[in-house]
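[1] coords please:
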Amino acid sequence: MAKKASSGIKGYFVNNLGGIITFLFLIGLAFTGITMSINEGEPANLYNLSDYVFGLNENSILVMSLLGFILSLIGALLLFSNNKILKLIGGVLAIVGGVMFFIAPSTYTAVSSSEGGLGDIFGNLENELVSYGIGTGTIIAGVFPIVGGLIGVGSIFVK
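    Residues are numbered from 1 along each chain as shown. The predicted structure follows:
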């Protein structure tokens, strides 16, 4: 009986493409995560996504962004598994993590600074309409885990 030839580097990338793409979400941490505009104007303040995921500087941690980061990271690691169940769980975690990145800034849209939320950080904006939106970093950090998770789950069923 002949030995089965190893698939080599090409097979490794094909089997683990979902995990590789999911790990690209880390690029989004370097870009703008949340934009803030005052009274329906142009975005005046731009904040890196890493500021809100890890609570850097004086900015507060957005729990949804931190949860999205953790789920995407665990999902990416599980997508490298050869076990189909672990790969399925990793794909689902990556997809949910990517969605969490999109949900996080939308929970703070149109918040008055006197009512709480992220507006508490900016004490000099009393009773101004402060609206928050997603930036490039949030889009990158959300899209890559969703696409990588879908590819990882799809690789289970396609051989």
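[2] what about the helices in this protein?
    Along the chain, the stretches classed as helices by DSSP state H are 8-15, 17-23, 49-54, 63-78, 84-106, 136-157.
[3] tell me what the third one is packed against?
    Using 3 or more C-beta pairs under 8 Å, 6 or more residues apart in numbering; DSSP states H and E as the contact criterion, the neighbours of helix 49-54 among helices and strands are strand 32-38, helix 63-78, helix 136-157. C-beta: built from backbone N, CA, C; applies to glycine.
[4] Now render these as TSV, adding distance to residue 54.
    As requested, the helices and strands packed on helix 49-54 are arranged in TSV below (distance: least, C-beta to C-beta, whole Å):
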stretch	distance to residue 54
strand 32-38	11
helix 63-78	8
helix 136-157	13
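[5] On the strand side of things, show who residue 32 bridges to.
    residue 48 (DSSP bridges).
[6] ugh, wrong one, I meant residue 132
    In this structure, residue 132 has the following beta-bridge partners (DSSP bridges): residue 36.
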